[in-house]
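Colleague: predicted model and sequence below, questions to follow.
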Amino acid sequence: MRSLLLALAILVLLSSVPPVKSGPNAYINKFFNTCWRMKGSCRRVCSSKEIYHLLCDHTTVCCINKKELPVLVGK
């Protein structure tokens, strides 16, 4: 009974501790910051070789390399 109370107290304390600011692994972070079929990346500002294509959320845009954009073929 005493070990059950100890385990419950530890779980309560762990749930109230805020997450660490160090963040996830770089590869995981890159995976979750991708957009448009995983060819673009969500950033605040696109570089000179990239073009804005979509909105990722209300603060970032999807920056895609100009070579990766689809070419629309006419009639």
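Modeller: Cool, got the structure. Numbering: from 1, shown residues only.

Colleague: by mean pLDDT, point me to the weakest helix or strand of this structure.
Modeller: Lowest mean confidence among the helices and strands of the chain (mean pLDDT, DSSP states H and E): helix 26-32, at a mean of 65.

Colleague: C-terminal to it, what's the next element?
Modeller: Proceeding N to C from helix 26-32, the next assigned helix or strand is strand 34-35, under DSSP states H and E.

Colleague: partner strands of the helix or strand containing Cys62 and their direction?
Modeller: Secondary-structure assignment from DSSP H and E places Cys62 in strand 61-65. The strands that strand 61-65 pairs with in its sheet are strand 40-43 (antiparallel), strand 50-55 (antiparallel) (by DSSP bridges).

Colleague: for the shortest one, list the C-alpha coordinates in PDB.
Modeller: Taking C-alpha atoms only, strand 40-43 is exported to PDB below (Å, rounded to 0.1, in the frame of the first residue of the first chain):
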ATOM      1  CA  GLY A  40       8.900  22.600 -47.900                       C
ATOM      2  CA  SER A  41       9.600  23.800 -44.400                       C
ATOM      3  CA  CYS A  42       7.600  26.100 -42.100                       C
ATOM      4  CA  ARG A  43       9.500  29.300 -41.300                       C
END
